[in-house]
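show me how the following folds:
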Amino acid sequence: MFEQYVDKNIDFFPNGKLFRIIFDNISCKFRLLARNNSDLEKIVKDFSVENTSSFFVKQHGYSAESKLYIINKFGFFSVGLFFEVLQWIKLHFGTINCVAISNNVNSFLEDFLMPLKTFAKRHNRETFEISNISKKYELRDYQKEIIKSIIFDGFGKGLFESPTGSGKSFVIANFIYTLQQQYDASLKFLIFVPNRQLVEQFYTDLLDYGFKQETITRFTAGLKKNNAFNKDAKIIIANRQYIFKNLNKLPKIDCLIADECHSISYGSSTFEFVENLNAKFKIGCSGTIPRDKYQKFNLIGLFSKIIYTEDIVNLQNRGFISQLKINIINIIDKEVNENKDLLFNIDSTQKYVEGGNIGFNDSYDAEIEYIGKNYRKLYTPVLNEINKLNGNVLVLFDRIEFGKNMYSYSNETKIRNSEHFYIDGSTKVEDRENIRKLLEQSNNNILFAESAVFSTGINIRNLNNIVFMFSGKSFYRICQAIGRTLRLHKDKEYAQLIDVVFSFKYSRKHFKERMKIYREMYNKYKPDNLIKIEI
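Predicted structure coming up:
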């Protein structure tokens, strides 16, 4: 289908040009050619990252590249990286006039990377009026800027980052409505979300904003007969698992909007779906676009450049999302501290040595096992602190057995005389949604939830407190989890995070990484409250 974009019978480096960008019809990627091979080697190096997992892969007897390449050694790169490549050339050579780009490639750019360019040229950005679907809600200034950025900076392609609680679904709704009202009413939109619960949440949001029921449909499992998929609806909301199994039922899509796009990892089925979907417009949005260079550039390769980033602290200062207090509970386990033979003791005499008797992951596994077996001793002080909290509490855990144990123990001890709820991956979507709605409508509940299920996208406005009962350091998982508490609510003065750290090797190590995230994203250079407890 891309034969018209192939360069034929050309002088690759006319008039002393140093680079040429061509379109490769077979791989559907751009290719950077360089007059001097050293220049190509330089950009390939700068668009590569250390493969941090190669060490662990090799421990299991497999081979692994020491580096991951965003532009491969032959100069091939995803079409969305076009502007990043030009930016690199301008930075290192002072100009992009040293790059030869054929008319065929320019045609491809306009068709696939700048589909709204002609529309944008016909309008003035400063005076352009966003079409607001809602009679209940006004668009905030930054929400208008996001929509304008999609149209005038990304020309219908790109990524935007706006914190959880800042109204991303409202932005998406009004971007869709603006195109319907001012560009083409016949466009077919696909809103692509990670799971079925978010399908239901997004569907409810769009109806609340003012879209008519017949214009929206859900493409997901478990729909009742009277809510069956309507292929004629202009807006389709679908989750990943269902869409992969039912691709043949999906109609032609003009515009893909991928919500929570940070979770689209390179090489996954989701990545391949987005890459191969022949949609004119592709927009990715998230509260946390990855800071990891490899992940970030792969997302840019899918959606094109980052067109807008909104700052969390700025929105907090302006009163659009809740202020955040971070309370640290530092639990010092004297039994562990006094036993240097334990692998996870900070000063352990037992060290991993390649080829030795201790496996590279043994100390981490030993720490997790100890926490799992001693959860009552270790977390009783945490439950005592939860007992002092006001409002709803979300407790996030990683391991299901641990989560079930803590849920039972908390229920058994009758913390705050609260209603206790539990959610993991096996909990039915309808039950999750009922629990979410119950938390929205009442104030004295404790929800234990698996972090993989409940840390991304779930909207609970009436959530005052979140407790980390896991030892993680993932940037976007931490930010997404905190984001659950940042939405404004009439009964909430501020959001509160309870972070638990033990005097163990990996718990301390991961906590230090989380503190870096708190500093970078929330301007928290020290906790608001530090509680030290010896047990």
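
ends of stretch 91-108, what's the gap?
Start-to-end span of stretch 91-108 (C-alpha to C-alpha, to the nearest Å) is 24 Å.

again, but for stretch 256-273
11 Å.

what do you get for stretch 299-307?
13 Å.

buried stuff in the longest helix along the chain?
Longest helix in the chain, counting residues (DSSP state H): helix 505-522. For helix 505-522, a neighbour-count test (16 or more other C-beta atoms under 10 Å) marks Lys505, Tyr506, Ser507, His510, Phe511, Arg514, Met515, Ile517, Tyr518, Met521, Tyr522 as buried. For glycine as for every other residue, the C-beta is placed from the backbone atoms N, C-alpha and C.

that one: how far from the chain's middle?
Put simply, helix 505-522 sits 19 Å off its chain's centre (C-alpha atoms, centre = their mean, to the nearest Å).

what do you get for stretch 237-254?
Centre-to-centre, stretch 237-254 and its host chain are 21 Å apart (C-alpha atoms, centre = their mean).

with stretch 441-452 instead?
22 Å.

alpha carbons only: can I get it in CSV?
Provided in CSV are the C-alpha atoms of stretch 441-452 (Å, rounded to 0.1, in the frame of the first residue of the first chain):
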residue,chain,number,x,y,z
GLN,A,441,-20.6,7.4,48.0
SER,A,442,-19.2,6.8,51.5
ASN,A,443,-16.2,7.7,53.7
ASN,A,444,-15.2,5.0,56.1
ASN,A,445,-13.9,2.1,53.9
ILE,A,446,-10.6,0.2,53.5
LEU,A,447,-9.9,-1.4,50.1
PHE,A,448,-7.1,-3.9,49.7
ALA,A,449,-6.3,-4.0,46.0
GLU,A,450,-3.7,-5.7,43.8
SER,A,451,-1.5,-2.9,42.4
ALA,A,452,-1.5,-4.3,38.9
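
how about residues contacting it?
Stretch 441-452 is contacted from outside by 386, 390-398, 400, 403, 406-407, 410, 415-425, 435, 438-439, 454, 462, 470, 472, 477, 481, 491, using C-beta atoms under 8 Å, 6 or more residues apart in numbering.

ok, the nearest residue to Leu497 once chain neighbours are set aside to Cys479 distance?
Excluding the flanking residues, the one nearest Leu497 by C-beta to C-beta, 6 or more residues apart in numbering is Ile326, at 4.9 Å. Per C-beta to C-beta, to the nearest Å, Ile326 is found 13 Å from Cys479.

which one of those two has more residues nearby?
Cys479 (25 against 20; other C-beta atoms under 10 Å).

ok, the residue sitting nearest the centre point of the chain to Ile26 distance?
Nearest to the mean C-alpha position of the chain, by C-alpha atoms, centre = their mean, lies His262 at 2.7 Å. Distance of His262 to Ile26, computed by C-beta to C-beta: 30 Å.

what do you get for Phe93?
Using C-beta to C-beta, Phe93 is found at 29 Å from Ile26.

between those two, tell me which one has more neighbours.
Between Phe93 and Ile26, counted using other C-beta under 10 Å, Phe93 has the larger neighbour count: 14 against 7.

make sure the more buried one is actually in contact with Leu18.
Yes - proximity of Phe93 to Leu18 meets the contact threshold set by C-beta atoms under 8 Å, at 6.8 Å.

which stretch of helix or strand covers Gln480?
helix 475-483 (DSSP states H and E).

which helix or strand lies directly C-terminal to the longest helix of the chain?
Helix 505-522 is succeeded, C-terminally, by strand 529-534 (DSSP H and E).

okay, buried residues for that next one please.
Counting neighbours by 16+ other C-beta under 10 Å, strand 529-534 gives Ile531 as buried.

what packs against it?
The helices and strands touching strand 529-534, judged by 3 or more C-beta pairs under 8 Å, 6 or more residues apart in numbering; DSSP states H and E, are strand 324-332.

list the contacts of the strand it packs on.
316, 378, 381-382, 385, 482, 485-486, 494-503, 518, 522, 524, 527-535.

hmm, try it at 6 Å
Residues from elsewhere that reach strand 324-332, judged by C-beta atoms under 6 Å, 6 or more residues apart in numbering: 382, 494-503, 518, 522, 524, 527-534.

what do you get for stretch 42-52?
Glu65, Ser66, Lys67, Leu68, Tyr69, Ile70, Ile71, Lys73, Trp88, Lys293, Tyr294.

if we go to 7 Å?
Residues from elsewhere that reach stretch 42-52 (C-beta atoms under 7 Å, 6 or more residues apart in numbering): 32, 64-71, 73, 88, 293-294, 297.

ditto for stretch 245-263
The contact list for stretch 245-263 (C-beta under 7 Å, 6+ apart) reads 159, 172, 187-194, 219, 231, 243, 264, 274, 277, 279-286, 288-290, 299, 456-457, 476.

still on that earlier bit, out of the contacts of stretch 42-52, name the ones that lie in strands.
Residues of those located in strands (DSSP state E): Leu32, Lys67, Leu68, Tyr69.

show the contacting residues for the first one.
To tie it back to what came earlier, the one meant is Leu32. Phe19, Ile21, Leu40, Ile43, Ile71, Gly75, Phe77, Val85.

run through this protein and note the low-pLDDT ranges.
Low-confidence segments of the chain, defined by pLDDT under 70: 1-11, 52-65, 352-356, 455-457.

tell me the helices and strands packed up against the helix holding Gln480.
Contacts defined by 3 or more C-beta pairs under 7 Å, 6 or more residues apart in numbering; DSSP states H and E place helix 475-483 against helix 505-522.
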